[in-house]
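1. After the sequence you'll find the predicted model.
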Amino acid sequence: MNKKIKISVLGCTAISSGLAQAEQTLSLHQMQYQEDDDRIKVADTSLALKLDFGVDYSLDLSLGYDSVTGASPTWQIANTAGLSGTEAVFRQGELEQGQAMTDETLLGYAHDVSQYQIKRVPLEDTRKSVAASLTVRDRYRNEWSFGLAHSKESDYKSNSASASYLLFLDKGKNRSVNIGLAYLNDETLVFGTGYQSRTEEKIQVINFETGLTQVLSPTSVFDMKLFFNHDNGYLSNHYLTILRGIDLNEDNIVTDDEYFLAADSRPEVRNGFGSKLSYSNQFYSWLTGQFSYRYYQDNWKIDSHTVNASLSFEVIDGLFIIPEYIRYQQGKAKFYLNPNEEQPYFTAHGEGSNDTRLGDFSADTYGLTVSYQIGNNWQLDFSVNRYEQTNQFAASWAVLGVNYRF
Amino acid sequence: MKSHINLTISAIVWVFSWQVIAAEKLAVLTADKQVSSEDTSYALAPKKNQGESNARVVKKYKTKGRTSATSQYSTSERRTEQSQSLTSMTVADKTNNEGSSVGPAKQIKPLMALVAIDQKPPPSVSPAGQWINKGFTWIDNWFIDKEVKSWQKAKLAQPVMQPGGVAPAMKKFSSKIYISKAATLGGDGVAGGGCGCK
């Protein structure tokens, strides 16, 4: 009889887990993002639908639409308006001469290095995205997930496929391993010499991730992940520029009139890896904490540490207030130069970037999320966040969303 | 959320009760059959002895039938023997039905359906899972004081304990911002598309 009771418990456990997941959810969220100094504004809208078919199949669908407006700072030539025809021809000649002496893309030429300035270049773009993911559970409740995603911008197109597997290791379902693989095939339009042409370049990305999840107690769970990213192709940012000194007269001295505006240039291969540790604990029925640490390193010599802590307070039934803090610290890429240095110039050959996102900085994020479940079907989400980097960059964003469960 | 938990708990209790009742019923029916197999005189007995024979059936099950089977045979052997016994019972009962107006006390078809419940359940862990788990038993020794049972996981199943918490959509938006404002990413799953914002 004891054996039969155990069988019954296992059976009802499997069924109950299915019942708990048998829920359809439709979500609509919108984010408003704004950088300080009126640089970039983003309005991002996301519509998501989660469907459970019985206990063995789940389908996640999402649509996204975001618009970007504003201006991004980068090196440009000052006072190009009103350039005489003779001057334009001269500059074009110098540009062609310089281009012949380097494999890197040159975009412009001015008589004197002082004429190059960091200016804000206006930009405007929209991004449309669609993603679908199907999860299939076998008789052991292990899960296969298959995903497809597509997004399109005016100058960037992305297609991706992913698969992941969640495997339970013990009969109590307290320990599981997961393994996932994604492949992205992206295309971007890149400026050619002197901004006179645009070519289509490929970017291929492989993301691999594996991890172990362990239930430690009825109120705590620990998760460890290892990940590996491989990027291959045109990994530069064609909107960003740098200054290159090219010795046109070959006198072994780069004078002030031998500097060119050039395209941001990064290696064509990037291999990164890292690990993420996560721990969740429900200290009290009204207080739950989630904590994580991530380490990252790649062959561009960039490394980073990310610490994340959030506390969920259930102040009344269904109303959660969630403060969150994230600390991020990053080391600079081997080919990065701070554009605010006295002489942020690169040589005729080799990679180079003034993209501050590749620099060394720390960042703090302060977030506050409020989530309120109204009845059995509706849930409202609201979040405000403040992000500050040590290199003078700062941004704020807010998200408002509604979820309907049926 | 609490109504969902209550619904889930009710479903668990309902299914659990049903299965226990089914298992009990199976046990009694199996005992009937075993006794009938050992001594067909119960099945062939006249109506006036029916109540007495049923009482003896239950008594025999509790004392002899199950005890001896449990102690002498492995689970698989017992199951095989049980199936064979059922098959022979089917033939015997058919014979009895044809030859006697009294007939057997129980129907065979429902019994066969219930026996399916008593089949060995599929292992809850796949062979691959069991094999990989051998490499992680040190976790039990070092970090786990007491195994968490299935019925102790109500809190772990709450959305607030899931990655992303009660509002996972917020994490999607913030992740998108971080990958566009910093140079590193990873550790949050492999699904998702590319973005020119990088």
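-> Noted; the coordinates are in hand. Residues are numbered from 1 along each chain as shown, chains lettered A, B, ... in the order given.
2. the strands in the stretch 301-406 of chain A, which residues?
-> Taking DSSP state E, counting those that start in this stretch as the criterion, the stretch 301-406 of chain A carries its strands at A:303-316, A:319-330, A:345-346, A:361-374, A:378-389, A:394-405.
3. So which other helices or strands are in contact with the fifth one?
-> Read it as strand A:378-389. The contact analysis (3 or more CB pairs under 8 Å, 6 or more residues apart in numbering or on different chains; DSSP states H and E) places strand A:378-389 against strand A:361-374, strand A:394-405, helix B:168-181. Quick note: C-beta positions are derived from backbone N, CA and C, even for glycine.
4. So what's the model's average confidence on the last one?
-> Confidence over helix B:168-181 (mean pLDDT, whole number) is 93.
5. can I have that helix written out in PDB, keeping just the CAs?
-> Coordinates of the C-alpha atoms in helix B:168-181 are reproduced here as PDB (Å, rounded to 0.1, in the frame of the first residue of the first chain):
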ATOM      1  CA  PRO B 168       9.500  39.500 -15.900                       C
ATOM      2  CA  ALA B 169       8.800  41.900 -18.800                       C
ATOM      3  CA  MET B 170      10.700  44.600 -16.900                       C
ATOM      4  CA  LYS B 171      13.800  42.500 -17.100                       C
ATOM      5  CA  LYS B 172      13.500  42.300 -20.900                       C
ATOM      6  CA  PHE B 173      13.500  46.000 -21.300                       C
ATOM      7  CA  SER B 174      16.400  46.600 -18.900                       C
ATOM      8  CA  SER B 175      18.500  43.900 -20.500                       C
ATOM      9  CA  LYS B 176      18.000  45.600 -23.900                       C
ATOM     10  CA  ILE B 177      19.300  48.800 -22.400                       C
ATOM     11  CA  TYR B 178      22.300  47.200 -20.800                       C
ATOM     12  CA  ILE B 179      23.400  45.500 -24.000                       C
ATOM     13  CA  SER B 180      23.200  48.800 -25.800                       C
ATOM     14  CA  LYS B 181      25.100  50.800 -23.100                       C
END
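6. Buried residues of that helix, list them for me.
-> Neighbour-count burial for helix B:168-181, counted by 16 or more other CB atoms under 10 Å in any protein chain shown, picks out B:169-174, B:176-181.
7. Run the contact check for it versus chain A.
-> Yes. For helix B:168-181 and chain A, the contact criterion (CB under 8 Å from any CB of the partner chain) is met by B:169-170, B:172-174, B:176-178, B:180-181.
8. and the helices and strands packed on strand A:378-389 as TSV, adding distance to A:Phe222?
-> Listed next are these as TSV, based on distance: least, CB to CB, whole Å:
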stretch	distance to A:Phe222
strand A:361-374	23
strand A:394-405	28
helix B:168-181	19
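9. Please identify which of those is closest to A:Tyr57.
-> Of all these, strand A:394-405 sits nearest to A:Tyr57, with 17.9 Å by CB to CB.
10. any idea how far the closest one is from the chain center?
-> Mean C-alpha position of strand A:394-405 versus that of the full chain (CA atoms, centre = their mean, to the nearest Å) differs by 17 Å.
11. average pLDDT across it?
-> On average, the pLDDT along strand A:394-405 is 97.
12. now the angle between strand A:361-374 and that strand, please.
-> Orientation check (axes from the mean of the first three to the mean of the last three CA atoms, to 10 degrees): strand A:394-405 against strand A:361-374 gives 30 degrees.
13. Out of the helices and strands packed on strand A:378-389, flag the one nearest A:Asp298.
-> Per CB to CB, nearest to A:Asp298 of the helices and strands packed on strand A:378-389: helix B:168-181, 13.8 Å.
14. and the closest one with strand A:378-389, angle?
-> Relative orientation of helix B:168-181 and strand A:378-389, computed by the same axes, to 10 degrees: 20 degrees.
15. Against chain B, how distant is the residue most central in space within chain A?
-> With distances taken as CA atoms, centre = their mean, A:Arg357 lies nearest the centre of chain A, 11.7 Å away. Using CB to the nearest CB, to the nearest Å, A:Arg357 is found at 5 Å from chain B.
16. Excluding chain neighbours, give the residue nearest to that residue in space.
-> Take A:Arg357 and drop its neighbours on the chain: the residue closest to it by CB to CB, 6 or more residues apart in numbering or on different chains is B:Ala183, 5.3 Å away.
17. Quickly find the element holding the one you found.
-> Using DSSP states H and E, B:Ala183 sits in no helix or strand.
18. Any idea which of the helices and strands packed on strand A:378-389 gets closest to A:Leu243?
-> It's strand A:361-374; of the helices and strands packed on strand A:378-389, that one is closest to A:Leu243 (CB to CB) at 21.4 Å.
19. Put the alpha carbons of the closest one into PDB.
-> Extracted C-alpha coordinates of strand A:361-374, given in PDB (Å, rounded to 0.1, in the frame of the first residue of the first chain):
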ATOM      1  CA  PHE A 361      33.700  52.600 -16.400                       C
ATOM      2  CA  SER A 362      31.300  51.700 -13.600                       C
ATOM      3  CA  ALA A 363      27.600  52.000 -13.600                       C
ATOM      4  CA  ASP A 364      24.800  52.000 -11.000                       C
ATOM      5  CA  THR A 365      21.200  51.300 -11.700                       C
ATOM      6  CA  TYR A 366      18.500  52.100  -9.200                       C
ATOM      7  CA  GLY A 367      15.100  50.700 -10.000                       C
ATOM      8  CA  LEU A 368      11.700  50.600  -8.400                       C
ATOM      9  CA  THR A 369       9.000  48.300  -9.700                       C
ATOM     10  CA  VAL A 370       5.400  48.100  -8.500                       C
ATOM     11  CA  SER A 371       3.200  45.200  -9.500                       C
ATOM     12  CA  TYR A 372      -0.400  44.900  -8.500                       C
ATOM     13  CA  GLN A 373      -2.600  41.900  -9.200                       C
ATOM     14  CA  ILE A 374      -6.300  43.000  -9.600                       C
END
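20. can you give me the mean pLDDT across it?
-> 97.
21. Ok, stretch A:156-164 next?
-> The predicted model assigns stretch A:156-164 a mean pLDDT of 96.
22. Equivalent analysis for stretch A:86-104, please.
-> On average, the pLDDT along stretch A:86-104 is 90.
23. Quick one: residues in contact with it.
-> A:83, A:105-106, A:108-110, A:193-194, A:244, A:246-248, A:260, A:262-263, A:265, A:348-350, A:352 (CB atoms under 8 Å, 6 or more residues apart in numbering or on different chains).
24. and chain B, which of those reach it?
-> Applying CB under 8 Å from any CB to the contacts of stretch A:86-104, none is adjacent to chain B.
25. For the host helix or strand of A:Leu216, name the packing helices and strands.
-> A:Leu216 is located in strand A:198-217, with elements delineated by DSSP H and E. Packing partners of strand A:198-217 (3+ CB pairs under 8 Å, 6+ apart): strand A:156-168, strand A:175-191, strand A:220-233, helix B:137-143.
26. From the contacts of stretch A:86-104, list the buried ones, please.
-> Applying 16+ other CB under 10 Å to these flags A:105-106, A:108-110, A:193-194, A:244, A:246, A:248, A:260, A:262-263, A:265, A:348, A:352 as buried.
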